[in-house]
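> have a look; sequence and predicted model below, questions after that.
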Amino acid sequence: MFSIFSAFLLAFATAAPTVHPVELLAWSPTILCPTGITMWPRGSTQTVTWRTDNVPEEKLNSTGLLLLGYMENNSENLDIKHPLAVNFPIISGEVTIIVPENATVRSDAIVVLFGDSGNASPEFAII
């Protein structure tokens, strides 16, 4: 009985494929503009900028999504139904948007840049 078990174990151990760990790469670019002192008038054209000096090679062809939102009770509240910009190249480091005319006047606005990970700007004002 032991020899049958040993033979089975040996056969299974040699037939099993080698498994190698895979590193999941998430890159979250630092937003440079808007900043904490930024004020965006509703209906105005603005440019959101972010760092690109540390883009991993695997992300050079990634596209982005930019959402407007606000902070409340330490929580991001994002307008996912009305993106500010979609499908722009992350490597560009900037995207120009139009602040919605119907955006709420507030001092706790944020933008969140998604490539493969989200990164929020500092809070800024919409006036």
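Nice, I can see it. Residues are numbered from 1 along each chain as shown.
> would you agree L60 is in contact with I91?
Yes. Between L60 and I91 a contact is recorded at 5.6 Å, counting by CB atoms under 8 Å. C-beta: built from backbone N, CA, C; applies to glycine.
> more neighbours, these two?
Legend: neighbour count by other CB atoms under 10 Å for L60 and I91, higher for I91 (15 against 11).
> and P41, how far is that from W27?
Relative to W27, P41 is positioned 32 Å away (CB to CB, to the nearest Å).
> err, V112, not the other one
14 Å.
> out of these two, which sits in the busier spot?
V112 (19 against 15).
> list the buried residues in the helix or strand encompassing the more buried one.
Taking DSSP states H and E as the definition, V112 sits inside strand 106-114. Residues of strand 106-114 classed as buried by neighbour count (16 or more other CB atoms under 10 Å): A109, I110, V111, V112, L113, F114.
> would you turn these into TSV with distance to N77 and pLDDT?
Listed next are these as TSV, based on distance: CB to CB, whole Å; pLDDT from 0 to 100:
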residue	distance to N77	pLDDT
A109	10	98
I110	9	98
V111	12	97
V112	10	96
L113	16	94
F114	15	89
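> cool, thanks, talk later.
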